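# Sequence and computational prediction follow.
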Amino acid sequence: MARIEVEMANAALRGAVEALHRAFPRHSWTGIYFLRGDELVLGPFAGAPTEHVRIPRGRGLCGRAVREETDLNVGDVASQPEYLACSADVRSELIVLVRDRGEIVGQIDVDSREAGVFPPDHERAVRDVADALAPLVRVARGT
C-alpha cells in the first residue's frame, strides 16, 4: 500500500470521526481503533487523549467486542469488571465493529459521561458510519 493512500485514508477518517463526535453532543470521546493482528491500535479520535493506544484482542470491552465478534452497547460501564477506564467520568460505551468484505478491520468506540445514552437508533447511525468507512479503515490500518 502506498504511503500517500494510507495518509489520505487517515485524513478522511479524522474528518469523519470529528463529524460523528460533533453530531452527537452526548459523546465525550469518539475514536477508531484499527485491528492489526491480535491488537487494536488507536487511530483518529476526538476527545481527550487516552492511554489505551494499544489493546490486545480480548482485553477490556473493546477487545471483548473483537473476541466475540459483536457490537457492544454498555449502558453502565461500572457494571463491567473488564472495563478499561479511560476517564473516571465515563458512564456508558458503544463499540461498533468495522467490517470490510466480512473481515473485522477495526471498530468505532464511543464514550459518554451519561449512563444508558445509546438507544437503538443511535447504535444504527454509528453502524451506518462504520459500514461507510470500512474500506478507508482497511487502507488506513496499512493492510
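Nice, thanks for sending it over.

# can you give me the helices for the protein?
3-23, 60-68, 120-140 (DSSP state H).

# and the ones you listed, which is most packed in?
Counting by mean count of other CB atoms under 10 Å, helix 60-68 has the highest mean neighbour count of the helices of the chain, with a mean of 19. For the C-beta atoms, the positions are set from N, CA and C on the backbone; glycine is no exception.

# Does anything pack onto that helix? Which helices or strands?
Helices and strands touching helix 60-68, by 3 or more CB pairs under 8 Å, 6 or more residues apart in numbering; DSSP states H and E, are strand 39-46, strand 54-56, strand 72-74, strand 92-100, strand 103-112.

# what do you get if the cut-off is 6 Å, keeping everything else the same?
If contacts are counted by 3 or more CB pairs under 6 Å, 6 or more residues apart in numbering; DSSP states H and E, helix 60-68 sits against strand 54-56, strand 92-100.

# would you list those strands in a markdown table and tack on mean pLDDT and distance to residue 3?
A markdown table is the format used below for the helices and strands packed on helix 60-68 (pLDDT from 0 to 100; distance: least, CB to CB, whole Å):
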| stretch | mean pLDDT | distance to residue 3 |
| --- | --- | --- |
| strand 54-56 | 94 | 22 |
| strand 92-100 | 97 | 20 |
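
# Out of these, the one nearest residue 38 is which?
strand 54-56 (6.3 Å; CB to CB).

# List the buried residues of that closest one.
Within strand 54-56, the residues that count as buried by 16 or more other CB atoms under 10 Å are residue 55.
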